[in-house]
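In: this one's structure only:
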């Protein structure tokens, strides 16, 4: 199954196979002192550029892909 990313440089949507996608969790601390987490999928284009797509936690959990550190 392919996952669709938006390529900003080419200004088109690109489909990347699930086997070439990794999961990434972005964590930051807000001004109020709380911790915020965002969930993203990262894929590589055929010419080696990285693409990022932010998704919901449910979609992130449902995908069986390795997690980047």
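Out: Perfect, I can see it now. Note that the coordinates shown come from a computational prediction; the quantities given were computed from them, not determined experimentally. Numbering: from 1, shown residues only.
In: can you tell me the element the residue positioned nearest the centre of the chain falls in?
Out: The residue lying closest to the centre of the chain (Cα atoms, centre = their mean) is residue 41, at 1.7 Å. Using DSSP states H and E, the element containing residue 41 is strand 35-44.
In: and the next helix or strand after that strand, what's buried?
Out: Using DSSP H and E, the helix or strand that directly follows strand 35-44 along the chain is strand 50-55. Applying a neighbour-count criterion of 16 or more other Cβ atoms under 10 Å, one finds 51, 53, 55 buried in strand 50-55. Using the backbone N, CA and C atoms, a C-beta is placed for each residue, glycine as well.
In: same question, stretch 55-69
Out: Buried, per 16+ other Cβ under 10 Å, within stretch 55-69: 55, 60, 63, 65.
In: show me how far that stretch is from its chain's centre.
Out: 8 Å (Cα atoms, centre = their mean, to the nearest Å).
In: the residue located most distally from the centre of the chain sits in which helix or strand?
Out: Distance from the C-alpha centroid of the chain peaks at residue 32, with 26.3 Å (Cα atoms, centre = their mean). Under the criterion of DSSP H and E, residue 32 resides outside all helices and strands.
In: test of understanding: give the bridge partners of the residue nearest to the centre of the chain.
Out: According to DSSP bridges, the residues that bridge with residue 41 are residue 23, residue 53.
In: thought it was touching residue 55?
Out: Yes - the pair residue 41 and residue 55 qualifies as a contact (Cβ atoms under 8 Å) at a distance of 5.9 Å.
In: next up, the contacts around the nearest residue in space to residue 29 that is not next to it in sequence.
Out: Spatial nearest neighbour of residue 29, chain neighbours left out: residue 35 (5.8 Å); criterion: Cβ to Cβ, 6 or more residues apart in numbering. Shown in contact with residue 35 (Cβ atoms under 8 Å, 6 or more residues apart in numbering): 27-29.
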